[in-house]
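Visitor: Here is the input, now give the coordinates:
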Amino acid sequence: MVEITISEIASLAGVSVATVSRVLNDSSTVSERTKQKVLSIMEEYNYAPNLLGRHLRTQKTRLILVILTTISNYFCNRVVAGIDEEARKNGYQTLICMTNDNAQIESSYIDMLKNGLADGAIIMSSIMSKEDMHTLANRYSVVQCSEYVDTDSPYVTIDNEQAAYDAVDYLIKSGRRRIAYCGVRNHMISSKVRFDGYIRALRENGIEPDWSIIFDGDYGFRSAYRLTEEHIKNGAKFDGLFSISDRMASGAVSAIHSQGLNVPDDVAVVGFDNTDAAYMTNPPLTTVSQPRRELGVEAMKSLLARFEGEIPENKVLKHELIIRNSTN
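Guide: Down below sits the predicted model:
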């Protein structure tokens, strides 16, 4: 099929070339009737705009980078879906950038932003230093989401410390006194502050932490299973367990059952994130629920505000403790 030009579209629609250009740029100055007429002709002739040419003219790519470690977990999927939904609503597209916590890969994506190949970035996880993140966010349109490195740069998250506190405090108020902790020791702020919340809940309830029942894995089912099994076999005694991820909590439940103990009668277990693992575990997990889609939507809204020259305030969304049979 012969390609149609903007001039030919204008002629067929009985409007000016400038009007067709305004329709392509989704300008509010064009009436809805005229816009639909032009769009109908474009669709009929399979017209595809020259996006590279538009980029060169407007200095805008309409592209947003979403930088994260991996897309392989349900929590990230829902946040990214929220980002993409809000981006498309405002005429932007998203590019998912998985770094696997590799500094060189992350740097290559950041270079895309610096070289004008994207309008902005939403960073869900990063191994950048606080100083590097601060410099980046001051020079380019960047918003941090869920995880954050520099508190002076715009971010959207939940209060992870308070969420962990609420989970452990609930276990204590339910009569549990020896509460194990199954976490991850890494660079992420959530890992650190969830542990802080665990410690604060114990001490505010008059319980000193027992370091013999505090262990770290890698977010995976198998690592939590192995660690929990080892501790029980070595004589560790605990009547509650808090984990910073549902997958790890699920692994801990399976290990507890494998050692002839019952959840929740012998050990009550709480996870984090309210992912599919929480529903699939037997019994279903009590867990902290994050507003995943809303985190993504609000991060994109903050990025749009940055495009307008605003400095958006940090947003801390509400979490919820979902009570299920692993503690009841």
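
Visitor: The helix or strand hosting Asp132: how far from the chain's middle?
Guide: Per DSSP states H and E: Asp132 is located in helix 130-139. How far helix 130-139 lies from its chain's middle: 20 Å, per CA atoms, centre = their mean, to the nearest Å.

Visitor: Partner strands of the helix or strand following that helix and their direction?
Guide: The first helix or strand that comes after helix 130-139 along the chain, using DSSP H and E, is strand 142-145. Strand 142-145 pairs in its sheet with strand 120-123 (parallel), strand 155-158 (parallel), by DSSP bridges.

Visitor: How is the protein partitioned into domains?
Guide: What the record gives for the chain is the domain set 6-49, 61-157+292-317, 160-290, from automatic domain parsing.

Visitor: what's the closest of the ones you listed to Ser326?
Guide: domain 160-290 (4.5 Å; CB to CB). (C-beta placed from N, C-alpha, C; glycine too.)

Visitor: Now do the closest one, average pLDDT.
Guide: For domain 160-290, the mean pLDDT works out to 97.

Visitor: so how far is stretch 111-124 off the chain centroid?
Guide: Relative to its chain's centre, stretch 111-124 lies at 17 Å (CA atoms, centre = their mean).

Visitor: With stretch 243-262 instead?
Guide: Counting by CA atoms, centre = their mean, stretch 243-262 comes out at 25 Å from the chain centroid.

Visitor: Number the residues from 10 up from this point.
Guide: OK, 10 is where the count begins now, so the last one is stretch 252-271.

Visitor: Just the buried residues of it, please?
Guide: The neighbour-count check on stretch 252-271 (16 or more other CB atoms under 10 Å) flags 252-265 as buried.

Visitor: what does stretch 182-191 give?
Guide: Within stretch 182-191, the residues that count as buried by 16+ other CB under 10 Å are Ser183, Arg185, Ile188, Ala189, Tyr190, Cys191.

Visitor: Likewise for stretch 222-236?
Guide: Those would be Ile222, Ile223, Phe224, Asp225, Gly226, Tyr228, Phe230, Ser232, Ala233, Tyr234, Leu236, for stretch 222-236 by 16+ other CB under 10 Å.

Visitor: Now do stretch 217-231: distance from first to last residue.
Guide: Taking CA to CA, to the nearest Å, stretch 217-231 runs 29 Å from one end to the other.

Visitor: who touches it?
Guide: 82, 187-194, 207-208, 211-212, 232-233, 235-237, 240, 245-247, 254, 256-257, 259-260, 263, 286 (CB atoms under 8 Å, 6 or more residues apart in numbering).

Visitor: if we can go back for a sec, just the CA coordinates for the helix holding Asp141, please, in PDB.
Guide: Extracted in PDB, the C-alpha atoms of helix 139-148 (Å, rounded to 0.1, in the frame of the first residue of the first chain):
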ATOM      1  CA  LYS A 139      22.900   8.400  47.900                       C
ATOM      2  CA  GLU A 140      25.100  11.100  46.400                       C
ATOM      3  CA  ASP A 141      24.700   9.700  42.800                       C
ATOM      4  CA  MET A 142      20.900   9.400  43.100                       C
ATOM      5  CA  HIS A 143      20.700  13.000  44.500                       C
ATOM      6  CA  THR A 144      22.700  14.400  41.600                       C
ATOM      7  CA  LEU A 145      20.700  12.400  39.100                       C
ATOM      8  CA  ALA A 146      17.300  13.500  40.500                       C
ATOM      9  CA  ASN A 147      18.400  17.100  40.600                       C
ATOM     10  CA  ARG A 148      19.300  17.100  36.900                       C
END
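
Visitor: Would you mind pulling up the elements that it packs against?
Guide: strand 151-154 (3 or more CB pairs under 8 Å, 6 or more residues apart in numbering; DSSP states H and E).

Visitor: in the stretch 160-309 of the chain, which spans are strands?
Guide: Assigned strands in the stretch 160-309 of the chain, in chain order: 164-167, 188-193, 223-226, 249-252, 277-281, 295-298 (criterion: DSSP state E, counting those that start in this stretch).

Visitor: The second one relative to strand 277-281, how many degrees between them?
Guide: To tie it back to what came earlier, the one meant is strand 188-193. 30 degrees (axes from the mean of the first three to the mean of the last three CA atoms, to 10 degrees).

Visitor: name the helices or strands packed onto strand 188-193?
Guide: Applying 3+ CB pairs under 8 Å, 6+ apart, one finds that strand 188-193 contacts helix 169-182, helix 198-213, strand 223-226, helix 230-242, strand 249-252, helix 255-267.

Visitor: Serialize those to TSV and add fields for distance to Thr296.
Guide: Listed next are the helices and strands packed on strand 188-193 as TSV, based on distance: least, CB to CB, whole Å:
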stretch	distance to Thr296
helix 169-182	8
helix 198-213	13
strand 223-226	17
helix 230-242	14
strand 249-252	9
helix 255-267	6
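
Visitor: how about those, which one is nearest Val152?
Guide: helix 198-213 (15.2 Å).

Visitor: Not counting the closest one itself, show me its contacts.
Guide: 155-158, 169-178, 181, 188, 190, 192-194, 217-218, 251, 253, 281.
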